[in-house]
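J.: Would you be able to build a 3D model of this:
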Amino acid sequence: MIRIGTAGWSIPREAAPAFPGSGTHRERYAAVLNAAEINSTFYRSHRPATYQRWAASVPADFAFAVKIPKAISHTARLAGAAPLLDAFVREIAGLGDALRVVLLQLPPSFGYHEPTALTFFTALRGRLSDAVQIACEPRHASWFAADAEAALADRRVARVAADPAIAPGGDRPGGWTGLRYRRLHGAPRTYYSPYDAADLAALAMSFAKEDGDQASSWCIFDNTASGAAAPNAVALRSLLGSS
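T.: Presented below is the predicted three-dimensional model:
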């Protein structure tokens with residue numbers, strides 16, 4: 001199954017016809033797309049009951065990815081963050097079986113430091129069930145070297161394929177091969193630019209080439225500032241069929 005969704009589940013007015021029916025934006029969104037990335041956790045915590053309510057409002061086969069708080073990734077820079085990590089994992093447990101991916105996005109200034117990375121990913125992996133996968137979006141070129149790639153693979157952490165890419169190879173998934181996680185932020189204007197028909201056709205072809213292996217595949221559109229994410233996600237879903 002290919003998971004296609006957006007950062008959040010907002011439905012811009014222009015995209016409303018693609019999400020018919022009644023109910024909340026989340027309920028209408030989940031009737032069309034099969035995944036969503038929760039980014040609000042980067043800025044603030046939510047009660048377990050909130051996650052439980054979100055999980056109860058979507059179909060049984062719907063999946064959530066949840067972004068790790070910036071207090072861990074940007075302020076603590078992965079070091080000495082065990083209490084924060086414990087609190088985060090307790091909260092997101094409210095999603096139950098709908099929790100499929102935990103996403104770590106690192107600041108551009110955060111270079112690869114093996115002891116810090118291995119300690120953190122070991123701690124994170126030990127707090128999650130085997131059903132929950134880990135994706136990491138580094139934004140410093142050192143994370144794309146062979147030693148970092150090997151370390152991510154060893155800790156079962158997938159490196160995000162991002163657009164725009166910040167280093168050679170950054171547009172392709174890396175690290176652990178059990179998960180392919182793409183985040184499309186919009187280019188040339190990050191968070192705003194829509195992807196045109198040629199871009200989406202090329203993306204669909206990439207998925208087609210990967211068809212048949214055992215990896216989980218996600219594609220999250222993060223070009224939400226202009227409202228382009230939802231229609232892009234729906235268009236890709238149409239190109240791939242009912243994934």
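J.: Find the nearest non-adjacent residue to residue 98, please.
T.: residue 55 (4.3 Å; CB to CB, 6 or more residues apart in numbering). Just so you know, the C-beta spots here come from the backbone N, C-alpha and C atoms, and that holds for glycine as well.
J.: So which residues of the chain form strands?
T.: Ranges of strands in the chain, per DSSP state E, are 2-7, 35-38, 63-67, 99-105, 133-137, 157-159, 161-163, 174-175, 179-184, 216-221.
J.: With mean pLDDT and mean neighbour count added, can I get these in a markdown table?
T.: Shown next, in a markdown table, are the strands of the chain (pLDDT from 0 to 100; neighbours: other CB atoms under 10 Å):
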| stretch | mean pLDDT | mean neighbour count |
| --- | --- | --- |
| strand 2-7 | 97 | 24 |
| strand 35-38 | 98 | 24 |
| strand 63-67 | 98 | 23 |
| strand 99-105 | 98 | 22 |
| strand 133-137 | 98 | 24 |
| strand 157-159 | 98 | 25 |
| strand 161-163 | 97 | 21 |
| strand 174-175 | 96 | 24 |
| strand 179-184 | 98 | 24 |
| strand 216-221 | 96 | 24 |
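J.: Would you mind giving the ones you listed as TSV with distance to residue 124 added?
T.: TSV is the format used below for the strands of the chain (distance: least, CB to CB, whole Å):
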stretch	distance to residue 124
strand 2-7	20
strand 35-38	17
strand 63-67	12
strand 99-105	7
strand 133-137	6
strand 157-159	8
strand 161-163	20
strand 174-175	14
strand 179-184	14
strand 216-221	18
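J.: quick revisit: I'd like the distance between the residue nearest to residue 98 and residue 4.
T.: In this structure, residue 55 and residue 4 are 19 Å apart, going by CB to CB, to the nearest Å.
J.: all helices for this structure, in order.
T.: Using DSSP state H, the helices assigned to the chain run over residues 25-30, 48-56, 70, 82-92, 114-127, 146-154, 197-210, 229-240.
J.: any idea which of those is most buried?
T.: Among the helices of the chain, ranked by average contacts under mean count of other CB atoms under 10 Å, first place goes to helix 229-240 (a mean of 21).
J.: Show me what that one is in contact with.
T.: With CB atoms under 8 Å, 6 or more residues apart in numbering as the test, helix 229-240 has contacts from 2, 4-7, 10-12, 14-15, 18-19, 29, 32-33, 184, 194-195, 197, 200-201, 203-204, 207, 219, 221-223, 243.
J.: how close does the closest residue to residue 96 other than its chain neighbours sit to residue 129?
T.: Excluding its sequence neighbours, the residue lying closest to residue 96 (CB to CB, 6+ apart) is residue 55, at 5.4 Å. From residue 55 across to residue 129, the span is 15 Å (CB to CB).
J.: next one: residue 27
T.: For residue 27 relative to residue 129 (CB to CB), the value is 26 Å.
J.: give the contact list for residue 61.
T.: Taking CB under 8 Å, 6+ apart, we find residue 61 in contact with 1, 34.
J.: Where does the prediction get shaky in this protein?
T.: For the chain, applying pLDDT under 70 flags the ranges 212, 242-243.
J.: May I have stretch 111-120 as CSV, with CA atoms only?
T.: Taking Å, rounded to 0.1, in the frame of the first residue of the first chain, the C-alpha atoms of stretch 111-120 are listed here in CSV:
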residue,chain,number,x,y,z
GLY,A,111,25.6,17.8,11.4
TYR,A,112,25.9,14.0,11.7
HIS,A,113,27.5,13.0,15.1
GLU,A,114,27.5,9.2,15.4
PRO,A,115,27.4,8.8,19.2
THR,A,116,24.5,11.3,19.5
ALA,A,117,22.6,9.8,16.6
LEU,A,118,23.0,6.2,17.7
THR,A,119,22.1,6.9,21.3
PHE,A,120,18.9,8.8,20.3
